[in-house]
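Peer 1: Output the structure for:
(4 chains)
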4 protein chains.
Amino acid sequence: MDNFVDPERLADLRRDFHRRPEPAWREFWTTCRIVDELERLGVTEIHVGPDALATERRVAVPDEEELEFWFEQARSAGARESTLERLEGGNTGAVAVLERGDGPTVALRVDIDGLPIEEATDSDHTPAAEGFRSRHAGTMHACGHDAHATIGLGVLEAVAESDFNGTLKVVFQPSEERIAGGEPAAKSGHLDDVDALIAVHVGLNHPTGTVVPGIEGSLAVRQMAVTFTGSPSHAGAQPNEGNNANQALATAVTNLQGIARHSDGITRVNVGVIEGGTAVNVVSERAYMEVEVRGGTTDLMEYMASDAERVIRSAAEMHNCEFEIEPQGGAPSIESDDRLCNLIATVADDHPSVDRLVETDRLSGSEDAAHLMAEVQNRGGIAAYVGVGTDHPTGHHTSTFDVDETSLGIGVDVLTEAVLALNESDN
Amino acid sequence: MDNFVDPERLADLRRDFHRRPEPAWREFWTTCRIVDELERLGVTEIHVGPDALATERRVAVPDEEELEFWFEQARSAGARESTLERLEGGNTGAVAVLERGDGPTVALRVDIDGLPIEEATDSDHTPAAEGFRSRHAGTMHACGHDAHATIGLGVLEAVAESDFNGTLKVVFQPSEERIAGGEPAAKSGHLDDVDALIAVHVGLNHPTGTVVPGIEGSLAVRQMAVTFTGSPSHAGAQPNEGNNANQALATAVTNLQGIARHSDGITRVNVGVIEGGTAVNVVSERAYMEVEVRGGTTDLMEYMASDAERVIRSAAEMHNCEFEIEPQGGAPSIESDDRLCNLIATVADDHPSVDRLVETDRLSGSEDAAHLMAEVQNRGGIAAYVGVGTDHPTGHHTSTFDVDETSLGIGVDVLTEAVLALNESDN
Amino acid sequence: MDNFVDPERLADLRRDFHRRPEPAWREFWTTCRIVDELERLGVTEIHVGPDALATERRVAVPDEEELEFWFEQARSAGARESTLERLEGGNTGAVAVLERGDGPTVALRVDIDGLPIEEATDSDHTPAAEGFRSRHAGTMHACGHDAHATIGLGVLEAVAESDFNGTLKVVFQPSEERIAGGEPAAKSGHLDDVDALIAVHVGLNHPTGTVVPGIEGSLAVRQMAVTFTGSPSHAGAQPNEGNNANQALATAVTNLQGIARHSDGITRVNVGVIEGGTAVNVVSERAYMEVEVRGGTTDLMEYMASDAERVIRSAAEMHNCEFEIEPQGGAPSIESDDRLCNLIATVADDHPSVDRLVETDRLSGSEDAAHLMAEVQNRGGIAAYVGVGTDHPTGHHTSTFDVDETSLGIGVDVLTEAVLALNESDN
Amino acid sequence: MDNFVDPERLADLRRDFHRRPEPAWREFWTTCRIVDELERLGVTEIHVGPDALATERRVAVPDEEELEFWFEQARSAGARESTLERLEGGNTGAVAVLERGDGPTVALRVDIDGLPIEEATDSDHTPAAEGFRSRHAGTMHACGHDAHATIGLGVLEAVAESDFNGTLKVVFQPSEERIAGGEPAAKSGHLDDVDALIAVHVGLNHPTGTVVPGIEGSLAVRQMAVTFTGSPSHAGAQPNEGNNANQALATAVTNLQGIARHSDGITRVNVGVIEGGTAVNVVSERAYMEVEVRGGTTDLMEYMASDAERVIRSAAEMHNCEFEIEPQGGAPSIESDDRLCNLIATVADDHPSVDRLVETDRLSGSEDAAHLMAEVQNRGGIAAYVGVGTDHPTGHHTSTFDVDETSLGIGVDVLTEAVLALNESDN
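Peer 2: Next up is the predicted model:
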């Protein structure tokens, strides 16, 4: 069997994306490149910018200066102006819609952002050796989202050329790495009529040729940026006139760990980043921390989040400080529907390059595709999170991560067959 | 010069008190014995029980059972029933008033309670050797309050026999060791018309023959009994269903130390007693602690107390517990008036047995005579806290503490002369 | 089908035990009563005292005075002197051995201790209404160990009368409630040749007629009594001269919660009891706490225990205190062997009074039968923890707990049949 | 009376320094400018670089890149190359020696560094209005060290022209603001033979015309940069595999406050700056904090420092982290000698422009002149810290701080007269 889409074209596309990784909410060039490709494929309904996102639900958006830097860099790299201006303020990402009849509405969700990691220059790191290493210092596609964007375009092309008679929507979602793009995408309105949603991830320690039809059990997560504001004073001369934000933070860090473990299952809490004060001899006026809580279920995560807020509030009060909790990213836990998983398993099993099906797997981290899946499921649809194996020389989020490009075609094929099968099963 | 009062009688009286030490708010026998002696001296205006105290301001009062025990013991030891019944509920102490004319109103404050210390049985400990060791197990006059009560009675006797033409009030104050009797005595109304108040303490590391006309600088203090109430749960099975009072307490203990030092002077905080929980495998429902704060001035103590309350409240909230702060003893800091100190210095200097005047000294602890002194001072009167040296073989609050009984007469003489001098200076 | 043993006799026996509950390591009368009964049944090999336990592995043994109290009470209640003297020092419990041939060696473990709970006097509480309420103030069989001891004796009687041709050992284990008797029993030597061990518990929220052939998943647990020793000083006068044991304890309590959750499964930590200091104005010289850690597996418990020790050591050092960790009770987690569970399920299913089998259940707490089970399993044998349903009006460890005595006969029957089936399956 | 030195020249010099403020250990241009001026005055013995400092005792030295930046900026601004190259690596500052006979050896200490403050551009801020505002962005002479350097040079000029027959040493000390230059200057060897040392500070809330002959009571201080190193892990997937440096830091921050207050006097502790971790979902591998301790005496500071080190070590151990304490600046407390203060009071009183003597004053912060003073005093010499009033529109360390240049001449005069008087008093 031939692949649906020319493997070489997929590889070229993926390398294009790989060269220009852009972090969360800064996928300006990437979005423009996707739109260009969509137009080349003849897609006529393309939503970008605020049309693709519930923009007011975005969190963890960088400041103006940072957005400007990436915006201008995208412009310099040749991003199309008419698309680019739609993305201003970090409204990145796109939704492509292919209406072909009154069959089912199927959605595919792929994420498109890179990571703040400096890519390796080692000669045995293929992107370095073959000239498509990241051109953006300190930024890298180290989690395969370049492959995801490519697969999204590939499936569109394949389905466009098929006799599919429903509607296919491909969501090119920004800011997954900050688990911040999922909710705005879920609430964009584009999922309101979706009957089945498939999210895809390459790798996850599965080699090329393996497919995981339905992944379960990621942890629900919520992240918060917390600022304590006290008042400064000279630590030697007027220690009592200050309200010490560093002490408030320290009390919070220690007591956040004291939130009781839960009998219903897994809970987590972490204060990953702390920062406070301006000088050794000044009582600290301001302290900042980034906190995340997780749970084996969304309820468990909410339990942790609620207690964490109480701890933070009390720590502030204890040291006479004000506090502010700014929501950052978050996601519920993932649950894939058996019916969709079975359908994917069937089509994957038929693919000549798929030599192994892993019935299910657990994500140990969190994933904001969960927002889109829950949106569809809550409206009566079905959803699955599908793993497409790829040989990756080192772990995700490392500077020598790479994907086996032969897996791109497998991903496109299996997902296309799944879309077509959904069409048939519906009829 | 002869002593005003027969030294042997003073010694006998002191030994009587020494044999029957009674702790704070339990001075039943002691009060009755004082009243008997007052009547023997012909004093006609004697206030006891609720007439001697602002009873509603008492704190740290023992529970019924404990009061009952000491009450019955006093009865068995022959306390006069008519006096005893006035003291029910722990309204101990007495105020004696000697009205002799329209001269100034002078007050003398002596404290009368013992300590929860088991007295030594050593043969070189005079009370043991000479048969007046404490008959009350675990209780002892280890701070000289037996001497103070004696001196109070001695001064009354001496002044009664003099040509003093003002009013002398002697306040026999209970519960100094819990710094709990000072405020109820100060607010009893008996000090409202006092022109000059003298408080007296023997020893304080000064030998017999030394007098300190004015002591300064005790720390203001406030004590609190704090209870945290959470909810219990099985620590293995439902850790999340409990609200952990032990954690609330631990957070409070740690953060009370975090109250900033103050640029205006000395501050102190201590959590002396902690107790919580019922079983190792149960999330603690209740935890209790005793806290004290001090300050070089009353303002500094108030600063600490106010911050301590905030810390306690926040620690409770942090762990979803209720809390209750029950006020215990407290006292402002001591300030002796120069005019009164000078007067005392003059009369002391004239006494043949006084060989050394120490201009001033600092109390390192706290002392609730400060309440009475402040009351008088705030109403325009003057006050001094006078040290009367006595050879004491070991430190205050030790099981072998004792006083040199020759100092009793010196104390009576100097204070009597001071009262008389106040009479004259006023005329 | 008739019961193996006369139900009335079982009920009488259970009521005898119920009347005289004795807490951990104080089961003097209970052990003597068991020995009397064993002799009545004609059992000739009976081990008591140090012969029944690896006595040096005992922890959480009460002090001399407490042991003496219960010892004398047992004597007064008529405990046989010759047995009693073997139990001195709290070496309670017994092992009965019935050798009947060269068939398999089967062991049954029952626990015999009561709880520090005051039994209800309500008229609808059967023990109160029918005259067998606890005669020991503040102590009660509130977890059914009276039924366990009875079942142990019943099975012995039934097997003795059967054609069983192996060896049956019944371990009457003390101090389960402190999870302290399991290890000394496991290491007594009596289990060294055991091919199959059955532990039994009544109730656990299963009604009469239900049997749970194999319970899984109790948490491994370890308990510690921790003492911090600093040095005292006057909190106002010389705060710096003390080393504050209360602060060390508070730091430990807070940071014990900070031991990281584990990716392999359930962890728990609790500081259930705290106590420290002598007076509000003295820097605390000594503080005491009781800590327990648990884990979904024994490894997870060890992870927690090891980190807890480090936290305790560092908290002591931080505040310049000494510390001592005295091991208290502990237990590994429970794993029942399928083969034995299946065998029990089969015989239970055949019993006319068993109307429901619950395939498996999880203990939410901990259970020191796990020590005995692991000992047998580590030596190549098999083990199961069997639940025998009983209607209990209120939860375990409540003052109105009671058992349905008809379940005693069911327990005896099912366990006897299991012993006999093991005999057959081995042949 | 005429001023010793032309006031206009002093003002010009001060403005030159004001234009080019350089922070601690970066006083490259300033040092070169001072050397140029010394040569202009005909001073022949000038020590710079490692000859002026015990270079190995320097702390808080910036990194190479930062030093390079300021070095090159000084070069661009015309600093003399031959001087500049002596200062490489941040060995800034100078010692000028004027040997004029066998009279006493007198030293004057002035500090020369600026502050990391952006100078105001307000039109009523004289330096802005008159064109000598800082040319170095973010750096400013906001504490009058420009005036100090000027006064140092002025006194040299005046004494050179007098009949002084001893030795005058002027120490132009770098890095006072980081309290880091004092110790290297004190241990340079240049103070070994000094009989009397005068340190000077302008302002301190005293107006032009006031002189404070001897300042007392700065707090002794020590500063530390602390790094905790743990190990990172994914906070959701493997929380137990990390060693959390942020938790170690939080425990340290909280418990540093728990170091007991001291009965001997003032103590302080502050954690002014904290920073840790790299991402919200990663267990923090590294955390950093800047700590300072102070004491009313050097012993009290040492007490705090010693306990702080123990707390930091224990906090690291508690969370399985490594730690490193890098000493930063520090200083003993200041004690001015009466004899020298009296001498200065006498000469100041004679000055026509001095209208007020303030007998003594307390510095509320810390000051590393204390190192030089202690060095001289420990070797048998005398020392004083002299305040020279100057009208300053706003407080020290504010962006609109300025000095009244007429105070420059007063300072030069009074200090010169003091040097001459020391000469006489010695003869």
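Peer 1: Return the residues of chain A in contact with chain C.
Peer 2: With C-beta under 8 Å from any C-beta of the partner chain as the criterion, chain A meets chain C at residues A:Thr254, A:Asn255, A:Gln257, A:Gly258, A:Arg261, A:Ser263, A:Ile266, A:Thr267, A:Arg268, A:Ser364. For glycine as for every other residue, the C-beta is placed from the backbone atoms N, C-alpha and C.
Peer 1: so can I have CSV of the residues you listed showing pLDDT and neighbour count?
Peer 2: Formatted as CSV, the residues of chain A next to chain C follow (pLDDT from 0 to 100; neighbours: other C-beta atoms under 10 Å in any protein chain shown):
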residue, pLDDT, neighbour count
A:Thr254, 97, 28
A:Asn255, 97, 31
A:Gln257, 96, 22
A:Gly258, 95, 23
A:Arg261, 96, 20
A:Ser263, 92, 16
A:Ile266, 95, 22
A:Thr267, 96, 22
A:Arg268, 97, 25
A:Ser364, 72, 14
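Peer 1: any idea whether the residue in the stretch 301-427 of chain A positioned nearest to chain C is helix, strand or coil?
Peer 2: Proximity of the stretch 301-427 of chain A to chain C (C-beta to the nearest C-beta) peaks at A:Ser364, 7.4 Å away. At A:Ser364 the chain is in coil, as set by DSSP: H, G, I helix; E, B strand; the rest coil.
Peer 1: which residues does it contact?
Peer 2: The neighbours of A:Ser364, taking C-beta atoms under 8 Å, 6 or more residues apart in numbering or on different chains as the test, are A:Ser218, A:Leu219, C:Ser263, D:His234, D:Gly236, D:Ala237, D:Gln238.
Peer 1: Compare those residues and tell me which has the most neighbours.
Peer 2: Using other C-beta atoms under 10 Å in any protein chain shown as the neighbour test, these are led by A:Leu219, with 30 neighbours.
Peer 1: Would you format the contacts of A:Ser364 as JSON lines with distance to B:Glu176 and secondary structure included?
Peer 2: Formatted as JSON lines, the contacts of A:Ser364 follow (distance: C-beta to C-beta, whole Å; DSSP: H, G, I helix; E, B strand; the rest coil):
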{"residue": "A:Ser218", "distance to B:Glu176": "66", "secondary structure": "coil"}
{"residue": "A:Leu219", "distance to B:Glu176": "61", "secondary structure": "coil"}
{"residue": "C:Ser263", "distance to B:Glu176": "60", "secondary structure": "coil"}
{"residue": "D:His234", "distance to B:Glu176": "61", "secondary structure": "strand"}
{"residue": "D:Gly236", "distance to B:Glu176": "59", "secondary structure": "coil"}
{"residue": "D:Ala237", "distance to B:Glu176": "62", "secondary structure": "coil"}
{"residue": "D:Gln238", "distance to B:Glu176": "60", "secondary structure": "coil"}
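Peer 1: Tell me the one of the residues you listed nearest chain B?
Peer 2: A:Leu219 (16.7 Å).
Peer 1: Leaving out chain neighbours, which residue sits closest to whichever residue of the stretch 51-200 of chain A sits closest to chain B?
Peer 2: In the stretch 51-200 of chain A, the residue that lies nearest chain B is A:Ile179 (24.5 Å; C-beta to the nearest C-beta). Closest residue to A:Ile179 apart from its sequence neighbours, by C-beta to C-beta, 6 or more residues apart in numbering or on different chains: A:Gly329 at 3.5 Å.
Peer 1: same thing with A:Pro232?
Peer 2: A:Pro232 sits nearest to A:Glu285 (C-beta to C-beta, 6+ apart), 3.9 Å away.
Peer 1: pLDDT wise, what is the residue most central in space within chain A at?
Peer 2: Compute the mean C-alpha point of chain A, and by C-alpha atoms, centre = their mean the closest residue is A:Glu176, 1.5 Å away. A:Glu176 carries a pLDDT score of 95 in this model.
Peer 1: Could you double-check that the residue nearest to A:Pro232 lies in contact with A:Gly230?
Peer 2: Yes: if you go by C-beta atoms under 8 Å, A:Glu285 and A:Gly230 touch, sitting 5.6 Å apart.
Peer 1: Tell me where the stretch 1-150 of chain A has helices.
Peer 2: With DSSP state H, counting those that start in this stretch as the definition, the stretch 1-150 of chain A shows helices at residue ranges A:7-19, A:28-40, A:64-76, A:81-84, A:126-129, A:145-160.
Peer 1: how close does A:Ala237 sit to D:Pro393?
Peer 2: Using C-beta to C-beta, to the nearest Å, we find A:Ala237 at a distance of 21 Å from D:Pro393.
Peer 1: my bad, should have said A:Ala60
Peer 2: Taking C-beta to C-beta as the measure, A:Ala60 falls 44 Å from D:Pro393.
Peer 1: of those two, who's got more company?
Peer 2: Neighbours were counted for A:Ala60 and for D:Pro393 using other C-beta under 10 Å; A:Ala60 has more, 22 against 13.
Peer 1: So the more buried one sits against A:Arg26, correct?
Peer 2: No: at 11.4 Å, A:Ala60 does not count as touching A:Arg26 under the criterion of C-beta under 8 Å.
Peer 1: quick revisit: contacting residues for the residue nearest to the centre of chain A?
Peer 2: A:Ala24, A:Asp111, A:Ile112, A:Asp113, A:His145, A:Gly182, A:Glu367, A:Asp368, A:Ala369.
Peer 1: Quick check: closest non-adjacent residue to it.
Peer 2: A:Asp111 (3.7 Å).
Peer 1: Point out where chain A drops to low pLDDT.
Peer 2: Within chain A, the stretches with pLDDT under 70 are A:1, A:426-427.
Peer 1: Overlap of the contact sets of A:Glu285 and A:Gly230?
Peer 2: Joint contacts of A:Glu285 and A:Gly230 (C-beta under 8 Å, 6+ apart) are A:Gly242, A:Ala245.
Peer 1: of the two, who's got more company?
Peer 2: Neighbours were counted for A:Glu285 and for A:Gly230 using other C-beta under 10 Å; A:Gly230 has more, 26 against 20.
Peer 1: That one touches A:Glu241, doesn't it?
Peer 2: No: contact criterion C-beta under 8 Å: A:Gly230 and A:Glu241 do not qualify, at 10.7 Å.
Peer 1: Now for these two: what residues contact both?
Peer 2: Common neighbours of A:Gly230 and A:Glu241, counting by C-beta under 8 Å, 6+ apart, are A:Val283.
Peer 1: still on that earlier bit, bridging across strands, which residues link to the residue nearest to A:Glu176?
Peer 2: Beta-bridge partners recorded for A:Asp111 (DSSP bridges): A:Gln173.
Peer 1: mind checking how far it is from chain D?
Peer 2: Distance, A:Asp111 to chain D, using C-beta to the nearest C-beta, to the nearest Å: 16 Å.
Peer 1: Ok, A:Asp355 next?
Peer 2: 27 Å.
Peer 1: wait, what's in contact with the residue nearest to that residue when sequence neighbours are not counted?
Peer 2: Counting by C-beta to C-beta, 6+ apart, A:Gly209 is the residue found nearest to A:Asp355 once chain neighbours are left out, at 4.4 Å. By C-beta under 8 Å, 6+ apart, A:Gly209 lies in contact with A:Ser353, A:Val354, A:Asp355, A:Arg356, A:Gly389, A:Ile410.
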